[in-house]
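Enquirer: pasting a predicted model and its sequence here:
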Amino acid sequence: MLANTVKIAFTAGWLLMVASCATLPDTQFLTKRYAVQAAHFENAMGPLSNHQSAAILAKLKHTSGDLDILDKQITLEQQIVGRPLITGNQVTLLQDGPATYQAMFAAIRNAKDNINMESYIIEDGEVGQQFANLLLERQAHGVQVNVIYDSVGAFGTDKAFFDRLIKAGVQVLEFNPVNPLLARKSWALNHRDHRKLLIVDGRRAFLGGINISSVYSTGSFFRRSRGKTDPKTGWRDTDIEIDGPAVGEFQKLFMETWNKQHGKPLAPNDYFPIVTPQGKEIVRAIGSSPDDPYNQMYLTLISAIDNAEKQVYITNAYFVPDPQLVQALLNASARGVDVRLLLPSHSDSAIVFYAGRSHYQELLEGGVKIYERRGSLLHAKTVLVDGVWSCVGSSNLDWRSALDNDEINAVILGREFGKQMQAAFAHDLAASDEIKLESWKHRSPLLRIKEWGSRLWGRLL
């Protein structure tokens, strides 16, 4: 009976997805609104005065080469997102699964009051069991653990995996259950929680593209076998660790998801402690959801590209751009910005891979440089603009991330973190092949057919 219900649910979900009338927001207003208010910042004690905010902006501009993006981008992004820029944070760039898991495990072991974890995929494998064991150990020592997992992302995970956590006192919430009989709000199969977020004691947060899965165990140093993707192939991905007052903004986003999904009331732990400054980085949390009037991350990205003056360096796993994003990239290139896309050379989704490649010729003809990462399977989602505006998170450059998923990203302002991002981009670039326009024009008819056929499904990807 349950199997039939699930089958019907999936069928209905696909039909609803095809019939969806959701559209991307019009980005034309971005060029008209950016100067209507001054940039505002907050620190561990709350909002800063206009004088203090102006001093921070002046210092940013001084250390970043007086780039106009810091005027235009900060003020516009403030209007789009509504969440403050938080000063006093330390941000650490984490590359690939092994380094990220090691940092996460250390944070979990040191948890004193609460742990909140949200992940699209939680697999019952070696990595999943490591997380489960650590969470259970902390729960047994009085640390309240709360977990959100996506019903589709964790569809292959045995229910016993989560039952073990629940029996020990961990509060577990299944996001938008596949089975409509279990739905706690209006059933929408296509609305998925694609976020990857871990928050420890309200003081430390991890986010990016890395799920709880054994595919990340090897990092990105193993080469792919020919033909079908080798399960032992390393996955190249990026996360960040944030320590400082900005963690409270990510905690709010976790709580919003829990409440919107009608989770049971959380235990009254200290989820929002007073956090003293831990570093000098300025961070803005950006959560996006189909429940919102418009996609905040999508508009933020377009505005950053529109305001770029020197460089736009994008690394992304699933590239199925809409016309507005393509035009923003072409416009930036036309005004002399160095626009570079670092994309996968192979993927775990062939249709997404070829749909993305169907845009190559137009972009190459417009001066956009395109590179494909060799060897490892690229799964990172990062952006660097003019060396001072960095973004790391869970959002792909596809229609699904823009219209159907809950996503979470962090924008970091400043030259120092930008240097780390630039070094990581250069490292990946050295392990990539540039796609040249002339050679691309002579690709085989079979590849063209695959691209054309995949692009027809672009809105569903």
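Expert: Everything's here; your move. Numbers count the residues shown, from 1 in each chain.

Enquirer: ok but P277 is inside a helix, no?
Expert: No - under DSSP: H, G, I helix; E, B strand; the rest coil, P277 falls outside any helix and is assigned coil.

Enquirer: neighbours of it, just the number please.
Expert: 16 (other C-beta atoms under 10 Å). (Glycine included, C-beta is placed from N, CA and C.)

Enquirer: ok, it - contacts?
Expert: For P277, the contact set (C-beta atoms under 8 Å, 6 or more residues apart in numbering) comprises N43, A44, T87, G88, N89, G244, P245.

Enquirer: how about 7 Å then?
Expert: N43, A44, G88, G244 (C-beta atoms under 7 Å, 6 or more residues apart in numbering).

Enquirer: per-residue pLDDT, the nearest residue to N211 once chain neighbours are set aside?
Expert: Leaving aside its chain neighbours, N211 sits nearest to I121 (3.7 Å; criterion: C-beta to C-beta, 6 or more residues apart in numbering). Among the per-residue scores, I121 shows a pLDDT of 95.

Enquirer: any idea of the mean pLDDT for stretch 23-38?
Expert: For stretch 23-38, the per-residue pLDDT averages 61.

Enquirer: over to stretch 416-427?
Expert: 96.

Enquirer: ends of stretch 251-268, what's the gap?
Expert: 14 Å (C-alpha to C-alpha, to the nearest Å).

Enquirer: who touches it?
Expert: Contacts for stretch 251-268 (C-beta under 7 Å, 6+ apart): 116, 118, 144, 146, 148, 171, 173, 175, 184-185, 193, 197, 199, 202, 271-272, 285, 287, 291, 406, 408.

Enquirer: in what helix or strand does the nearest residue to R138 once chain neighbours are set aside lie?
Expert: Excluding the flanking residues, the one nearest R138 by C-beta to C-beta, 6+ apart is A111, at 5.2 Å. Using DSSP states H and E, A111 sits in no helix or strand.

Enquirer: shouldn't A111 be in contact with D201?
Expert: Yes - judged on C-beta atoms under 7 Å, A111 makes contact with D201 at a distance of 5.8 Å.

Enquirer: beta partners for N43?
Expert: G46 (DSSP bridges).

Enquirer: hmm, it is touching G88, no?
Expert: Yes - contact criterion C-beta under 7 Å: N43 and G88 qualify, at 5.2 Å.

Enquirer: any common contacting residues for those two?
Expert: With C-beta under 7 Å, 6+ apart as the test, N43 and G88 both reach P245, P277.

Enquirer: sec struct for Q52, please.
Expert: helix.

Enquirer: distance of it relative to I282?
Expert: 13 Å (C-beta to C-beta, to the nearest Å).

Enquirer: those two: who's more crowded?
Expert: I282 (24 against 14).

Enquirer: now do the SS call for the more buried one.
Expert: strand.

Enquirer: now, which of the contacts of stretch 251-268 lie within strands?
Expert: 116, 118, 144, 146, 148, 171, 173, 175, 193, 197, 199, 285, 287, 406, 408 (DSSP state E).

Enquirer: ok, the residues you listed vs K59, which is closest?
Expert: A285 (21.9 Å; C-beta to C-beta).

Enquirer: how is the residue nearest to that closest one when sequence neighbours are not counted assigned, secondary-structure-wise?
Expert: Closest residue in space to A285, ignoring its immediate chain neighbours: E249 at 3.7 Å, by C-beta to C-beta, 6+ apart. When classified by three-state DSSP, E249 comes out as helix.

Enquirer: quick one: mean pLDDT for stretch 190-204?
Expert: 96.

Enquirer: and it, how far apart are its ends?
Expert: End-to-end for stretch 190-204, by C-alpha to C-alpha: 31 Å.

Enquirer: right, and A188 touches P177 too?
Expert: No - contact criterion C-beta under 7 Å: A188 and P177 do not qualify, at 10.9 Å.

Enquirer: just checking, F417 touches E281?
Expert: Yes - counting by C-beta under 7 Å, F417 touches E281, with 5.8 Å between them.

Enquirer: where's E256 relative to A106, distance?
Expert: 27 Å.

Enquirer: same check, this time on R357
Expert: When R357 is compared with A106 (using C-beta to C-beta), they lie 40 Å apart.

Enquirer: do the same with G208
Expert: G208 is 17 Å from A106, by C-beta to C-beta.

Enquirer: same drill for those two, tell me which one is more crowded.
Expert: Per other C-beta under 10 Å, whichever of G208 and A106 has more neighbours is G208, with 26 against 13.

Enquirer: average pLDDT for the helix or strand where T92 lies?
Expert: T92 belongs to strand 85-95 when assigned by DSSP H and E. Per-residue pLDDT over strand 85-95 has a mean of 94.

Enquirer: show me the domain layout of this structure.
Expert: By the assignment in automatic domain parsing, the chain contains the domains 23-89+280-460, 92-260.

Enquirer: as JSON lines, the ones you listed with distance to A267 would be great.
Expert: Listed next are those as JSON lines, based on distance: least, C-beta to C-beta, whole Å:
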{"stretch": "domain 23-89+280-460", "distance to A267": "23"}
{"stretch": "domain 92-260", "distance to A267": "5"}
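
Enquirer: that older thread, same for the strand holding T92, what does it pack against?
Expert: The contact analysis (3 or more C-beta pairs under 7 Å, 6 or more residues apart in numbering; DSSP states H and E) places strand 85-95 against strand 41-43, strand 238-243, strand 281-288, helix 415-430.

Enquirer: for the first one, buried residues please.
Expert: Residues of strand 41-43 classed as buried under the neighbour-count rule (16 or more other C-beta atoms under 10 Å) are F41, E42, N43.

Enquirer: dump those to a markdown table, plus distance to S401 and pLDDT.
Expert: Shown next, in a markdown table, are these (distance: C-beta to C-beta, whole Å; pLDDT from 0 to 100):
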| residue | distance to S401 | pLDDT |
| --- | --- | --- |
| F41 | 28 | 70 |
| E42 | 27 | 76 |
| N43 | 31 | 73 |
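
Enquirer: between these, which is closest to A332?
Expert: F41 (27.0 Å).

Enquirer: tell me how far the closest one lies from I274.
Expert: F41 is 18 Å from I274, by C-beta to C-beta.

Enquirer: for A317, which non-adjacent residue is spatially closest?
Expert: Using C-beta to C-beta, 6+ apart, the closest residue to A317 is H379 (4.5 Å).

Enquirer: touching, that neighbour and T315? I think so.
Expert: No - H379 lies out of contact with T315 (C-beta under 7 Å); the separation is 9.8 Å.

Enquirer: which strands or helices does the helix or strand containing L384 pack on?
Expert: Assigned by DSSP H and E, L384 belongs to strand 381-385. If contacts are counted by 3+ C-beta pairs under 7 Å, 6+ apart, strand 381-385 sits against helix 296-307, strand 311-316, strand 389-393, helix 415-430.

Enquirer: show the average pLDDT along that strand.
Expert: 97.
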